[in-house]
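Asks: with the sequence up front, the predicted model follows.
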Amino acid sequence: MRLEKQVAIVTGGARGIGRKIAEVLASEGAKVFIVDLADPGGSLPQGMEFIEGDVRSPAAAEKIVTGVVDRCGRLDILVNNAGIVRDTLTLSMERSAWDEVIETNLGGAFNFTKPAARFMIARKRGRIINVSSIASRVGGKGQGNYAASKAGIEAFTRTVALELAPKGVTVNAVAPGLIETEMSERVRDMAGNALRRAIPARRYGSPEDVAAVVLFLALPGASYITAQTIVVDGGLSVAGPRPGA
Amino acid sequence: MTDQEIFGKVKECLIDALGVEDDEVGPEATLVGDLGAESIDFLDIIFRLEKVFDMKIPRGDLFPEDILLGEGNIEDGKLTEKGLAQVREKLSSLDISKLEKNPRVSQISNLFTVKMIADYMKSKVG
């Protein structure tokens, strides 16, 4: 149990990558609070607890973080994972779709980082891990809002990391590629096998692949890593054309 | 609360926030030059003071960083007359004669001493 007695918050933790991250942190002994819009239903694994909340609300984020610290006396790990897609070509994108994605994916990270960092610097320790995407660096038609939010997350990660480094708090990002989740289903269905074959690792990633990196960043051994983005994409984002391969 | 008690609590906050030794935190020590504080430390110090003294400290009250953001307060890396006037107003208890002679922005942080914080807290808790 490498995270025994530690307390974590995982936003967007009801499903997909966030759920797996929460499970992996809990399996290492952390008390994990998953924040999401709707109760995931069913019984949660030991060590996990659901808190209903909208990451777009600064007041809700402040209340949730303060509530967790009041109850547990500490907050060691924050995983800003909550994210949505509203894909459509830029020329047909409504401003509301832009705002919704930016406010959730990027604004949500800000809303939780601010109160969490306050408690973390007081204890001179903490891990903030932001879930980005390779969309931040690889163009994808119809993802102007999503790509911008994820590029923003990575820039935010670097900045906050520098600000908090003197206080023993590390801030990093994980950028998944094509991961088998509900959220990527549409993209995977549309592209079919061609997309999978374009991945050098010849498979889609799993939520476990991403959770393993988040766990690594949360462990004591990663205390000297900050302001970094670790790409978890089977090599997709650096793969060029593969003639005859 | 006596002056000594207030100073002791301020000292405790600074030692915790900045990781400095007890004997480094003399009244005249400057936060930046002598104790190595940087921007995040100013917030950390405020949070710790709020906790130890059980009170809210309005942002910009103790460390009036908003002076640096005010339009027309800075030109060519130096405080303008308007900027200096604001420093005089917001830090009225301090001797800013050195800053008036050398109004470089970097010199503002030298105004922030341990004594200045203790005096501020004294004015709040009486």
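Replies: Everything's here; your move. Keep in mind that this is a model prediction, so the values were computed, not measured. Numbering: from 1, shown residues only, chains lettered A, B, ... in the order given.
Asks: alpha carbons only for contacts and neighbour counts from here, please
Replies: Fine.
Asks: let me know the outermost residue of chain B.
Replies: No residue in chain B sits farther from the centre than B:D76, which is 23.4 Å out by C-alpha atoms, centre = their mean.
Asks: longest strand of chain A?
Replies: Across chain A, the longest stretch assigned as strand under DSSP state E is strand A:169-176.
Asks: which residues touch the residue in chain B that chain A sits nearest to?
Replies: Going by C-alpha to the nearest C-alpha, chain A is nearest to B:I40 of chain B, at 6.3 Å. B:I40 makes contacts with A:163-164, A:166, as judged by C-alpha atoms under 8 Å, 6 or more residues apart in numbering or on different chains.
Asks: closest to the centroid, which residue in chain B?
Replies: Chain B, centroid-nearest residue using C-alpha atoms, centre = their mean: B:F112 at 3.5 Å.
Asks: which helix in chain A has the most residues?
Replies: As assigned by DSSP state H, the longest helix anywhere in chain A is helix A:144-164.
Asks: where does pLDDT dip in the chain?
Replies: I'll assume chain A. A:242-245 (pLDDT under 70).
Asks: think we crossed wires, I meant chain B
Replies: For chain B, the ranges with pLDDT under 70 are B:126.
Asks: and the helices in it?
Replies: Going by DSSP H, chain B shows helices at B:3-18, B:39-53, B:66-69, B:81-90, B:97-101, B:114-125.
Asks: now do chain A
Replies: A:16-27, A:58-72, A:95-101, A:108-123, A:144-164, A:185-191, A:193-198, A:207-218.
Asks: can you list the residues of chain B near chain A?
Replies: B:17, B:39-40, B:44, B:47-48 (C-alpha under 8 Å from any C-alpha of the partner chain).
Asks: most surrounded residue in the residues you listed?
Replies: When those are compared by neighbour count (other C-alpha atoms under 10 Å in any protein chain shown), B:A17 ends up highest, at 24 neighbours.
Asks: what's the distance between B:M55 and B:I46?
Replies: For B:M55, the distance to B:I46 equals 10 Å [C-alpha to C-alpha, to the nearest Å].
Asks: which other helices and strands does the longest strand of chain A contact?
Replies: helix A:108-123, strand A:126-131, helix A:144-164, helix A:207-218, strand A:229-232 (3 or more C-alpha pairs under 8 Å, 6 or more residues apart in numbering or on different chains; DSSP states H and E).
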